[in-house]
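Participant: Quick one: sequence and predicted model below, then my questions.
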Amino acid sequence: MQRTLKSSCCAGKQSSNLLSSSFYPAVTPEKVVLVIGSGGREHALGWKLAQSRHVKKVYFAPGNGGTSENVGIKQNDIDRLVSFAKQFGQDCLVVVGPEEPLSLGVADAFAREGLRIFGPTKDAAMLEASKVFAKEFMHKAGIPTAPFAVFSDAGKAKDYIRGQDRPLVVKADGLAAGKGVIVCDNAEQALQAVDEIMVKKEFGAAGSKIVVEERLSGEEASFIAICDGQTIIPLASSQDHKRVFDEDRGPNTGGMGAYSPAPVVDDKLYHKIVSQVMEPVVREMRNRGTPFKGFLYAGIMVDEKTKEPYVLEFNARMGDPECQPIMMRMESDLYEYIDAAVDGRLKSMPPIQWKDRTAVCVVIASKGYPGSYEKGKVIQGLGSDFGPDVMVFHAGTTRNNNDVVTNGGRVLGVTALGDDTRQAIDRAYQAVKKIKIGNDEQHYRTDIGRRALR
Ligand code: AMP
Ligand code: GLY
């Protein structure tokens, strides 16, 4: 398998104008893109794709209050998504943001119609949809991950836990909106987690099986690559902030902020992740007759002591909010890479070029998230002068007459570029302070990016 290791510096920063768009002849933009989803990730993908010299229009289904050209089709309404794309035929490239439509088989449905879609098939998306599948897959492919056991019986799981003398993590098998993972300090908590998932069925059918695995410690990083079923081209490294409160306290969320690059992913680690994780995934998927085409996301834990990478999870899609800083740093034309991946031509593509800058994204959430929160709060300050290095990506927002109002837990991803991490952090927070939700009902972490300063 061809790997695109010339882009290894994208783990850190890279500057070169050799391959910038101006190097290529001008073309008449004639393609349309349909981005499926409604989050900050989708806004950022659409924003970047709209800059392509090939693209004349980007549509969003369903999109949010910050995206224009919303087509009013839900992300899981596969028949209507197919009908919409069909009117443009081969001139339409479909990019899938979230896991839900992937696990429902959106890529399979588009492929049956001969339409162009970037995202894994339902079978390949199992890497994210089932943690049992992912762990057994890693075991078979020799990909480093925490030692584990799988149970479909609560009693047997509890017997196993009582026999362990190390900290454990208990994970519901299926999709649980990022909440089905319980990191435990002791056996008592792990036994309780089994009850929550398997007896009280807090995550429904997603908890009919569980993974119990060793708890690892170290620093986490997100490693995402574009795959065409055979070749991978890594994106810049990034790091998420999963907990809702400063200093990684409180419950897990979808992500409260991110930055890129992640200094923990140095060149040595970058090469290890490519050769020990990403390439084996693509090889094993291909061997199984379910090639992986789409964004492949590995959640990595860098072991505190050994500094070796271990996979905590796979996602069959771009990260959110990791996407926002990654898109801000991407110099190359994203459309050209996705288009090449759809055709299986990644091998012939040059390495992706990255801005030699740092990007930091601070998520502004509704007060109460990830628990319950109110919607429909007016957002003020969106028209402020944020300066050229700031983008305010929308997530849980919608339009109500002339207002933009909240419509979800994670509301905005305020993303800034800086010459270094300090500058990017300062710029992002200066912009955050200009925005107000309702009667000061916004919540955001105040320590996004601080880890990268250490
Ligand atoms: P996952 O959805 O599997 O990535 O888990 C969500 C979060 O739980 C991860 O980002 C980690 O912070 C934590 N986590 C998952 N598995 C482990 C593990 N084996 N050891 C320590 N923390 C973990
Ligand atoms: N930010 C983590 C994720 O996208 O799953």
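Facilitator: Looks like it came in fine. Ligands and ions are numbered 1, 2, ... in the order given.
Participant: Against A26, how distant is the residue nearest to G37 when sequence neighbours are not counted?
Facilitator: Residue nearest to G37 in three dimensions, not counting chain neighbours: G97, with 2.9 Å by Cβ to Cβ, 6 or more residues apart in numbering. Every residue, glycine included, has its C-beta placed from N, CA and C. To A26, G97 is 29 Å away according to Cβ to Cβ, to the nearest Å.
Participant: ditto for A107
Facilitator: Taken as Cβ to Cβ, the span from A107 to A26 is 32 Å.
Participant: Tell me which of those two has more neighbours.
Facilitator: Using other Cβ atoms under 10 Å, the more surrounded residue of A107 and A26 is A107, with 26 against 8.
Participant: was I right about the residue nearest to G37 contacting L34?
Facilitator: No: counting by Cβ atoms under 8 Å, G97 sits too far from L34 to count as a contact (10.9 Å).
Participant: Now do the end-to-end distance for stretch 51-69.
Facilitator: Start-to-end span of stretch 51-69 (Cα to Cα, to the nearest Å) is 15 Å.
Participant: hmm, I was thinking of stretch 71-85
Facilitator: Terminal-residue distance, stretch 71-85 (Cα to Cα): 11 Å.
Participant: and it, what's its mean pLDDT?
Facilitator: Stretch 71-85 comes out with an average pLDDT of 97.
Participant: One more: stretch 324-338?
Facilitator: 98.
Participant: ok now that stretch, how far from the chain's centre?
Facilitator: Chain-centre distance of stretch 324-338: 14 Å, with Cα atoms, centre = their mean, to the nearest Å.
Participant: Stretch 244-260 now?
Facilitator: For stretch 244-260, the distance to the chain centre is 14 Å (Cα atoms, centre = their mean).
Participant: Dump it to PDB, restricted to CA.
Facilitator: Taking Å, rounded to 0.1, in the frame of the first residue of the first chain, the C-alpha atoms of stretch 244-260 are listed here in PDB:
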ATOM      1  CA  VAL A 244     -17.500  19.800  29.900                       C
ATOM      2  CA  PHE A 245     -15.500  21.800  32.600                       C
ATOM      3  CA  ASP A 246     -12.000  23.300  32.800                       C
ATOM      4  CA  GLU A 247      -9.100  21.000  33.800                       C
ATOM      5  CA  ASP A 248     -11.000  18.000  32.300                       C
ATOM      6  CA  ARG A 249     -13.600  17.900  35.000                       C
ATOM      7  CA  GLY A 250     -17.300  16.900  34.600                       C
ATOM      8  CA  PRO A 251     -19.000  14.600  32.200                       C
ATOM      9  CA  ASN A 252     -17.900  13.700  28.700                       C
ATOM     10  CA  THR A 253     -19.300  15.800  25.900                       C
ATOM     11  CA  GLY A 254     -19.100  15.600  22.100                       C
ATOM     12  CA  GLY A 255     -16.100  18.000  22.500                       C
ATOM     13  CA  MET A 256     -15.700  21.400  24.000                       C
ATOM     14  CA  GLY A 257     -12.800  22.600  21.900                       C
ATOM     15  CA  ALA A 258      -9.900  21.500  19.900                       C
ATOM     16  CA  TYR A 259      -6.600  22.700  18.500                       C
ATOM     17  CA  SER A 260      -4.200  21.700  15.700                       C
END
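Participant: Show me which residues of it are buried.
Facilitator: Counting neighbours by 16 or more other Cβ atoms under 10 Å, one finds that the buried residues in stretch 244-260 are V244, N252, T253, G254, G255, M256, G257, A258, Y259, S260.
Participant: Same check on stretch 62-72?
Facilitator: By neighbour count with 16+ other Cβ under 10 Å, stretch 62-72 contains the buried residues P62, G63, N64, G65, G66, T67, E69, N70.
Participant: Check the secondary structure at E196 for me.
Facilitator: helix (DSSP: H, G, I helix; E, B strand; the rest coil).
Participant: which residues pair with the closest residue to ligand 1 within the stretch 301-450 of the chain across the strands?
Facilitator: Here the stretch 301-450 of the chain gets closest to ligand 1 at one residue, E313, 3.3 Å apart by Cβ to the nearest ligand atom. Counting by DSSP bridges, E313 is bridged to G299.
Participant: residues near it, how many?
Facilitator: 18.
Participant: Pull the contacting residues for it.
Facilitator: Residues in contact with E313 (Cβ atoms under 8 Å, 6 or more residues apart in numbering) are E128, K131, A134, V181, A298, G299.
Participant: which ones among the residues you listed come in contact with ligand 2?
Facilitator: By Cβ under 6 Å from any ligand atom, no member of the contacts of E313 lies near ligand 2.
Participant: could those residues go into JSON lines alongside neighbour count and pLDDT?
Facilitator: Formatted as JSON lines, the contacts of E313 follow (neighbours: other Cβ atoms under 10 Å; pLDDT from 0 to 100):
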{"residue": "E128", "neighbour count": "21", "pLDDT": "96"}
{"residue": "K131", "neighbour count": "26", "pLDDT": "97"}
{"residue": "A134", "neighbour count": "25", "pLDDT": "98"}
{"residue": "V181", "neighbour count": "19", "pLDDT": "92"}
{"residue": "A298", "neighbour count": "22", "pLDDT": "98"}
{"residue": "G299", "neighbour count": "18", "pLDDT": "97"}
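Participant: Closest to K367 out of those?
Facilitator: Among those, V181 lies closest to K367 (Cβ to Cβ), at 24.1 Å.
Participant: For the nearest residue to the closest one once chain neighbours are set aside, I want the exact helix or strand it lies within.
Facilitator: Spatial nearest neighbour of V181, chain neighbours left out: K171 (4.9 Å); criterion: Cβ to Cβ, 6+ apart. Taking DSSP states H and E as the criterion, K171 maps to strand 168-172.
Participant: what sits up against that strand?
Facilitator: Contacts for strand 168-172 (Cβ under 8 Å, 6+ apart): 131, 146, 157, 161, 180-184, 187, 190, 193-194, 197, 203, 206-207, 210-215.
Participant: Using ChimeraX, define a selection of the buried residues within those residues.
Facilitator: One line in ChimeraX is enough to select the buried ones among the contacts of strand 168-172; burial here means 16+ other Cβ under 10 Å:
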select :131,146,157,161,180,181,182,184,187,190,193,194,197,203,206,207,210,211,212,213
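Participant: The contacts of strand 168-172: which ones sit near ligand 1?
Facilitator: Answer for these near ligand 1 (Cβ under 6 Å from any ligand atom): A146, V181, V183, E213, R215.
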